[in-house]
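Q: predicted model and sequence follow; I will ask about them next.
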Amino acid sequence: MSAIDSSGAWELPHEFRQMQNTARRFMRERVRPAEAPLPHDAYALPDEVLKPLQEEAKRLGFWHVESPSEWGGAGLNLLGQAVVAEESSQCKMGLYIPACHAFGYDPPNSIFLGRKDQIEKYAVPAIANGDKTFVAISEASGGSDPGRAIQTRAEKRGDRYILNGTKLWITGVGQSNWGLVFARTGPSKGRDGVSSFIVEKSFKGFSYKPVPVIRSYFPYEITFQDCEVPEENRLGNEGEGFKLAETWLVHARIPYAAAVIGVAQAALQLAIDWVKQRETFGSRLADKQAIQWMIADSEIELRAARLLVYQAAWKGDLGQDIKVDASICKVYATEIAGKVVDRCIQMFGGLGLAREMPLERWHREMRIKRIGEGPSEVHRMVVARDLLGGQRKKA
């Protein structure tokens, strides 16, 4: 599979360009028209609209793109996931509900590191039905250093664990049946003392409530009060939980970065179409240098962000360590995408703030992306520590 064309220029391999075009057409012709009648801050399509879209997505090969094919997913590699993420984010709810959920909602890839019976009981039905799941790592004690900040405890009693503690900013809890919960099982206060559990919302001692934020798709706070989890629901060995979490977190940053690029690209296209027709002070906005430079800067920065994502995905697919690459992608893509959406609002003027346009929603939700999956400052620390080597303690 070569990324070099006959002229010597780099480009996406042919099969990925086909995938990109198919996803783009599906979003343009099927998803966005289905979403159009919904309220501005909607985060779900009606079932009678969603189900046919999901069946069509299955036929196109876009069903659960991140999940292994042997368990019912599309099994795309990281580059494929990035390509699809960029396209599937280009709808009004796309920053947090890719393709309006038409492509399903992938369970965290850590579940596929578990036992076969765990995968068959939890992951396979979720993939088959398009069910959502949640991942509960962050706590009020510090979401940016989850390995050391986790205070939720899981105490072994007989054939089960008793969980006590609180998780915060957990996405999708209200829409899920189960998720992965990371809790401290050993005396260590570091990462080696964390274990992972498959926890059902129906388990005794599990409760949750929404945490209102600037997006309509609220995250949740989970409380565990003597929550009983069967020992068979421990994922991996005791003390291996953070390793499982890190596997998920690092790889998830690639489609995460691609998705914000997709929204920013959609915003830029809206702005380009607008300035070519809008006239002020006797000429089109497109003829004014200030507008031209905003458009040019946006395109340049988005191309750079996209190539960073492709490079990181490519390295990941080769089996190389991409922890630093993923952090670079996450910082640059989220910060640039936010700037691009902001510029596009500026080009639209007052109309850019109106709820008849998606820009207002994208602006609010894009702001969260610089904090979610680790804030920019923490990822800069990861990059700096790697470059400084022995001068600083490794992350």
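A: It's in. Numbering: from 1, shown residues only.
Q: outline the domain layout of the protein.
A: Listed domain ranges for the chain are 14-129, 133-235, 243-391 (source: automatic domain parsing).
Q: the ones you listed into JSON lines, with extra columns for mean pLDDT and mean neighbour count?
A: For every residue, glycine as well, the C-beta is placed using N, CA and C. Output for the domains of the chain, formatted as JSON lines (pLDDT from 0 to 100; neighbours: other Cβ atoms under 10 Å):
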{"stretch": "domain 14-129", "mean pLDDT": "96", "mean neighbour count": "19"}
{"stretch": "domain 133-235", "mean pLDDT": "92", "mean neighbour count": "18"}
{"stretch": "domain 243-391", "mean pLDDT": "95", "mean neighbour count": "19"}
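Q: helices or strands up against the strand or helix carrying residue 53?
A: Residue 53 is part of helix 47-60, with elements assigned from DSSP states H and E. Judged by 3 or more Cβ pairs under 8 Å, 6 or more residues apart in numbering; DSSP states H and E, the packing partners of helix 47-60 are helix 14-26, helix 32-35.
Q: need those helices in CSV with distance to residue 219, can you?
A: Formatted as CSV, the helices and strands packed on helix 47-60 follow (distance: least, Cβ to Cβ, whole Å):
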stretch, distance to residue 219
helix 14-26, 27
helix 32-35, 22
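Q: show me the contacts for the most centrally placed residue in the chain.
A: For the chain, the residue sitting closest to the mean C-alpha position, by Cα atoms, centre = their mean, is residue 256 at 4.0 Å. For residue 256, the contact set (Cβ atoms under 8 Å, 6 or more residues apart in numbering) comprises 85, 330, 369, 372-373.
Q: and it, which helix or strand is it part of?
A: helix 241-275.
Q: adjacent strands (with direction) for the helix or strand following that helix?
A: Sequence order places strand 279-280 as the next helix or strand after helix 241-275, per DSSP H and E. Strand 279-280 pairs in its sheet with strand 283-284 (antiparallel), by DSSP bridges.
Q: picking that back up, greatest separation within the contacts of residue 256: which pair is it?
A: Largest separation among the contacts of residue 256 by Cβ to Cβ: 85 and 372, giving 14.5 Å.
Q: quick check: the nearest residue to residue 99 once chain neighbours are set aside vs residue 43, distance?
A: Among residues not flanking residue 99 along the chain, residue 88 sits closest, at 4.0 Å (Cβ to Cβ, 6 or more residues apart in numbering). If you measure residue 88 against residue 43 using Cβ to Cβ, to the nearest Å, the figure is 15 Å.
Q: same check, this time on residue 155
A: From residue 155 over to residue 43 (counting by Cβ to Cβ), the distance is 36 Å.
Q: phi, psi of the nearest residue to residue 151 once chain neighbours are set aside?
A: Using Cβ to Cβ, 6+ apart and skipping residues adjacent in sequence, the residue nearest residue 151 is residue 141, 5.2 Å away. Backbone torsions of residue 141, given as degrees, to the nearest 10, read phi -70, psi -10.
Q: what separates the residue of the chain most remote from its centre from residue 288, distance-wise?
A: Of all residues in the chain, residue 282 sits farthest from the chain's C-alpha centroid, using Cα atoms, centre = their mean; the distance is 43.9 Å. With distances taken as Cβ to Cβ, residue 282 is found 11 Å from residue 288.
Q: also residue 363?
A: From residue 363 to residue 288 the distance is 22 Å (Cβ to Cβ).
Q: and for residue 121?
A: From residue 121 to residue 288 the distance is 60 Å (Cβ to Cβ).
Q: what ranges does the stretch 51-200 of the chain have for its helices?
A: Here the stretch 51-200 of the chain has its helices, by DSSP state H, counting those that start in this stretch, at 78-88, 116-118, 124-129, 146-149.
Q: between those helices, which gets nearest to residue 358?
A: helix 78-88 (14.8 Å).
Q: can you list contacts of that closest one?
A: By Cβ under 8 Å, 6+ apart, helix 78-88 touches 12, 16, 19-20, 23-24, 27, 62, 65-66, 74, 76, 94, 98-99, 103, 251, 254-259, 261-262, 265, 306, 309-310, 312-314, 316-317.
Q: stretch 338-350 too?
A: 260, 263-264, 267-268, 270-271, 274-275, 285, 291, 294-295, 297-298, 301-302, 352-353, 357, 359-360, 362-363, 366-367, 369-370.
Q: and stretch 112-130, by the same measure?
A: So stretch 112-130 is in contact with 54, 63-64, 67-68, 71-73, 101, 104-107, 111, 131-133, 177-178, 198, 232-233, 235-236, 244, 247, going by Cβ under 8 Å, 6+ apart.
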